[in-house]
Each structure stands twice: as structure tokens, then as C-alpha cells.
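1. Sequence first, predicted coordinates after that:
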Amino acid sequence: MKNNTEPDGKSSEPGEDYLKTAKDLKKMNELALAIEVCDKGLEKNPNDSNIYILKSQIQIDKFKKDKNPDNLKSALLNLEKALKFNPQSYIARILASQIYLKGKAYNKAKSMLAGILKSLPDDEKASSMMAFIIKKEEEKARATAPPEPEKTPVKAAEPPAPSQDDIIIKNEDETAGENKEESGEAMVDTRPEENNLGDDDKLVIDSDSDNENAAHLEALSDKLTMFGRLEGLEAIFLVDNDGQLFKSINKSGLDENVIPSLVFNLYKASVMGVRRVGYGSFQRGVLTAPIGTIILVNVFYAILTLVIDNDSDLGAVETRIQRYLGEVMQ
Amino acid sequence: MSTIKSTLGILCSNDFVRSGLIITKDGMIIESAIENTSEAETLGAFMSQIVLTIKNSLSELGYNEFTRYVIQSSKGQVFLMDLGQSVMIALTDLDVDIAKVNIALFQAATEIKKSGRLDI
């Protein structure tokens, strides 16, 4: 019997049918099948960077679903392969940067982002990730600045002059005991054959903790109740950078599917619009519509959305929002 | 078309408004106070994308129109006013008296709507 994941092969582009089929399966959340189709596509078109990218995206989706860091590790390998065949691929570089960032491999992420910003200096996503890394480095520098000579026995697992890019997978048990020695099995060489990423950087993917962005989102969502004091507040939606609703305070029972989707699409269109017309970077959007006044604020790692009653004193509300934002962003 | 042109002219003579234009929902320019045509077309195209995003989402919620959308960016502000079949766009600097811009925009929008020329 013919495998039902085999595309019909009518397209002019070699891997296009596989891509289309895999994309459709991904949309239907049939991730295992989608990967299978990608693998078949890669058998026939081993140099098709687009299939590698799609496969990595599916693996990222799988990671989000089951939190198994092996998926993220495989996704990175596929992105590195994609970059081998298409070194200028924006999406591959951004996704790889995100994985490096998640794994706290800041030097590698930085190197990858620097490459993007060299060709696309105004790129919002790369700029914000770069800003995040710089902030982290500054924090780290501040934390390590005061010398404390008498403190601490030597940390066991510091690798001697690492010359490889390592992914260290920490499972829940392992992360509980921080001093546990890193086993050889847990370290996987992901070094791409032809890239020039930094060598002094490890990628640590922690399977039981959320990434930095998620941690920031959590911290921000904890403070959202502060906005509940706003006059005429109908709802608050915290939407992440993938358009997913992270947290909501929905006093008026607004549609929790349509509003976050509106917010995400409007945010994307606004970011693109102001950049393309030379108006710099998007900071805030205020939409006055029959359902209320929707205020979108770019909080770097998410889109904070406040829906305010149209009859409220918007000037006063905006002033208070500004003040609250100052507090929650600290 | 002269009403629209003169109304846009009055709007842009406001100290706070840098330039403005009126576009159809699909981004075609009806009238523009921007000298550079390609710049106006680019602006129209991207702003119409924003308008479409808003209108599509609002229609899912059972509404056809929005009143206004203001984008604050690092270099200035963009005001979009829904005129039904068309959209008025005004570009301002960052530090402007929002109340005065709003008044100027609403006056211009009312004038244009009154002229009825845009309800195709």
C-alpha cells in the first residue's frame, strides 16, 4: 500500500509538494506525520533548505507541546543544515537565534543576530533579541563584578576550554541537583560543519523551566492585576510574540479568540507599516472601535492589550497606564 | 474632489500635522498632501493593510467600522480615521497636542463625509 504521506508530485519545484503537504499537516497539528513528510522530502531533495526549516518549525511545535528538549535540539540541527545550504535564510537564522537564546547560549545567539542585523539593520525581532542579550550580559557583568575570593569551592562541571557547541539537556531530576556532574550522554555535539559561531558557548536547554521570555511573561502577568484599577477597564490580554494568549483578565466577557488574534495581527501590521514608511519602531497603538478603546503596548517580549470603555476619560487612563507600565517593566 | 483636496489642505496647515492622505480600503490614493508620489503610495499600501486587519477582525465581532487608530512610533504618530469607504491618514511629530490633532481630524473627517464624494 502506498504511504499516505506521499505527495502527488505535480509541482514544478522539487520539494514544493512535500512542503505543502507538511505545512498542511502542521496546521492540522499532525506533527509526527508532518515530520515524516519532511523526511521523505529530504530523501528526494537533500539540499532543500526550506524543508529543513519547516522540519525544525514542526519540531519546535512539538517541543512546545510535550516539552521534550530533544525536539529543540533536533530543530537546531535542522536549522544548521538549512543554513549550510542557504546561509542567508532569515527565518532559519531567527529561529536558531531563538533556540540559542532559550538555551542561554548568548554568544552564539549574538553572533547569529549580528549577521541578521548586518543585512537588516532595522529588523525588529533581531534588534529586540540583541537588546535582551546585551541586557543579560550587563546583568551578568554586574553580578560578577565584586571579587569574592574566599567564596565557593570550584564548580565541578566547568568544561576545560570548550571547543564544541554543546547542548546540555537537563531533566527535572538533574535540575534539582545543580552539582550533578554532566554526563557525556547528556552532551550532544551540534556543531555545524560550516558555520563560524562562537566556540565558547554552551547551549543549555532546561526541560522543566520556561525560557527567559516566558519568565518575563510570568512576572508581567503577576502584575497585571494592577491594571484592574483602571477606570473603565473591560479586559486585559497579554499576548505572546507567537500570538498566543498568555493571560487575560476579561471583565466584560470579550471574545478571547478574536481579540488576541486582532491584537497580534494589528501589532504585526503596525510594526511592519511604521518601519516601512520610515517612522521608526512601533511603540503603542490605540484603536477606537465600537467594542471599546483597545490599547496595544509593546512590552518587548509580549503585547500588552488593554480594552477600555469608550466613555472613560482616556487621557487620565493613558497617564495611569504609563505609570503602571513603568512599575511593571522594572 | 476639490472639497477633499481643500479639506486635506486645511488639515495639513495645522501646526501639528506633518502630512496626510486619503486612501480607499485597498490602498489606492484618493488625495494626498505628500509630494513624493511613491512615498505616498508606500504609505497607502501599508496603512491599508492595517485597516484591512482591523476591519476583518471587527467584522468577526459583528462591527463594520472603527473610529480611529493611532500608532505611536519612535519617530512620530500615525492617525488613521475611518471614513466608511475610505480612510484618512495623518502623520504627526511625536510631541503633539493630541487634543488639537483630534479636533482637526474630526473636522476634516466630517467635512469629507458631508461632501459624500467617497461613498462609492
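-> Everything's here; your move.

2. before we move on, which element is A:V286 in?
-> In this structure, A:V286 is located in strand A:282-289 according to DSSP states H and E.

3. Kindly apply the preceding question to A:G253 instead.
-> In this assignment (DSSP H and E), A:G253 forms part of neither any helix nor any strand.

4. Now do it, the pLDDT please.
-> The per-residue pLDDT reported for A:G253 equals 85.

5. how close does it sit to A:R229?
-> The spacing between A:G253 and A:R229, counted by C-beta to C-beta, to the nearest Å, is 20 Å. Glycine gets a C-beta too; all of them are placed from N, C-alpha and C.

6. that older thread, residues in contact with the strand holding A:V286: which ones?
-> By C-beta atoms under 8 Å, 6 or more residues apart in numbering or on different chains, the residues outside strand A:282-289 that reach it are A:124, A:266-267, A:270-271, A:274-275, A:293-298, A:310, B:54, B:58, B:63, B:66-74.

7. Inside helices: which ones of those?
-> The subset of these located in helices under the criterion DSSP state H comprises A:124, A:266-267, A:270-271, A:274-275, B:54, B:58.

8. Chain A contacts on chain B?
-> Counting by C-beta under 8 Å from any C-beta of the partner chain, the residues of chain B close to chain A are B:39, B:42-43, B:46-47, B:49-50, B:53-54, B:57-58, B:60-61, B:63, B:65-76, B:78, B:91.

9. Out of those residues, which end up buried?
-> For the residues of chain B next to chain A, a neighbour count by 16 or more other C-beta atoms under 10 Å in any protein chain shown gives the buried set as B:42-43, B:46-47, B:49-50, B:53-54, B:57-58, B:66, B:68-73, B:76, B:78, B:91.

10. Surely A:K65 touches A:L31?
-> Yes: A contact is recorded between A:K65 and A:L31 when judged using C-beta atoms under 8 Å, the distance being 7.3 Å.

11. mind checking how far the closest residue to A:R276 other than its chain neighbours is from B:K5?
-> With C-beta to C-beta, 6 or more residues apart in numbering or on different chains as the measure, B:F46 is the residue that lies nearest to A:R276, at 5.2 Å, once sequence neighbours are left out. Remark: distance between B:F46 and B:K5 (C-beta to C-beta) = 23 Å.

12. A:K55 too?
-> For A:K55, the distance to B:K5 under the criterion C-beta to C-beta works out to 55 Å.

13. So for those two, which residue has more residues nearby?
-> Set A:K55 next to B:K5 and count neighbours by other C-beta atoms under 10 Å in any protein chain shown: A:K55 wins out with 26 against 14.

14. OK, contacts around the more buried one?
-> For A:K55, the contacting residues are A:22, A:35, A:38-39, A:42, A:75, A:78, by C-beta under 8 Å, 6+ apart.

15. buried residues in stretch A:107-118?
-> Judged by neighbour count (16+ other C-beta under 10 Å), stretch A:107-118 contains these buried residues: A:107-113, A:115-116.

16. Mind checking the pLDDT average for it?
-> This predicted structure assigns stretch A:107-118 an average pLDDT of 86.

17. tell me which element the residue nearest to A:R276 falls in.
-> When secondary structure is defined by DSSP H and E, B:F46 falls within helix B:37-60.

18. Adjacent strands (with direction) for the strand holding A:V286?
-> Within its sheet, and counting by DSSP bridges, strand A:282-289 is paired with strand A:292-298 (antiparallel), strand B:68-73 (antiparallel).

19. Make TSV out of the ones you listed and add distance to B:D95.
-> TSV is the format used below for the strands paired with strand A:282-289 (distance: least, C-beta to C-beta, whole Å):
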stretch	distance to B:D95
strand A:292-298	19
strand B:68-73	11
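
20. just the helices in chain A please.
-> In order along the chain, chain A carries the following helices (DSSP H): A:16-27, A:31-44, A:49-66, A:69-85, A:90-102, A:106-119, A:124-144, A:172-176, A:212-222, A:258-276, A:314-328.

21. gap between the nearest residue to B:N14 once chain neighbours are set aside and A:K251?
-> Closest residue to B:N14 in three dimensions, ignoring its sequence neighbours and counting by C-beta to C-beta, 6+ apart: B:A104, at 4.6 Å. Between B:A104 and A:K251 the computed distance is 34 Å (C-beta to C-beta).

22. cool, B:I112 as well?
-> Using C-beta to C-beta, we find B:I112 at a distance of 36 Å from A:K251.

23. Name the residue in these two with the higher neighbour count.
-> Between B:I112 and A:K251, counted using other C-beta under 10 Å, the more crowded position is B:I112 (24 against 12).

24. A:I259 and A:F237 touch, don't they?
-> Yes: here A:I259 lies in contact with A:F237, judged by C-beta under 8 Å, at a distance of 5.9 Å.

25. Count the residues that sit near A:K125.
-> The number of residues packed near A:K125 is 16, by other C-beta under 10 Å.

26. Would you confirm that it contacts A:I94?
-> Yes: contact between A:K125 and A:I94 holds when scored by C-beta under 8 Å: they sit 6.0 Å apart.

27. Verify the stated contact: B:S57 with A:F264.
-> No: under the criterion of C-beta under 8 Å, B:S57 lies out of contact with A:F264, with a separation of 9.8 Å.

28. Count the neighbours of the closest residue to A:L224 other than its chain neighbours for me.
-> In space, and not counting its chain neighbours, A:L224 is closest to A:I236: 5.5 Å by C-beta to C-beta, 6+ apart. A count of neighbours around A:I236, defined by other C-beta under 10 Å, yields 22.

29. Check B:L52 too.
-> Quick note: B:L52 (other C-beta under 10 Å) scores 15 neighbours.

30. Show the contacting residues for it.
-> Contacts here follow C-beta under 8 Å, 6+ apart; on that basis B:L52 touches B:25-26.

31. do the same with the one 5 residues further on
-> When the contact criterion is C-beta under 8 Å, 6+ apart, the partners of B:S57 are A:258, A:261-262, A:265-266.

32. among the residues you listed, who's most crowded?
-> Using other C-beta under 10 Å as the neighbour test, the contacts of B:S57 are led by A:L262, with 26 neighbours.

33. Look up the closest residue to it, ignoring the ones flanking it.
-> In this structure, A:L262 finds its nearest non-sequential neighbour in B:S57, 3.5 Å apart by C-beta to C-beta, 6+ apart.

34. With A:L254 as the reference, measure out to the one you found.
-> For B:S57 relative to A:L254 (C-beta to C-beta), the value is 12 Å.

35. Now the phi/psi pair for the closest residue to B:E41 other than its chain neighbours, please.
-> Closest residue to B:E41 in three dimensions, ignoring its sequence neighbours and counting by C-beta to C-beta, 6+ apart: B:I29, at 6.5 Å. Backbone dihedrals for B:I29, given as degrees, to the nearest 10, come out at phi -80, psi 130.
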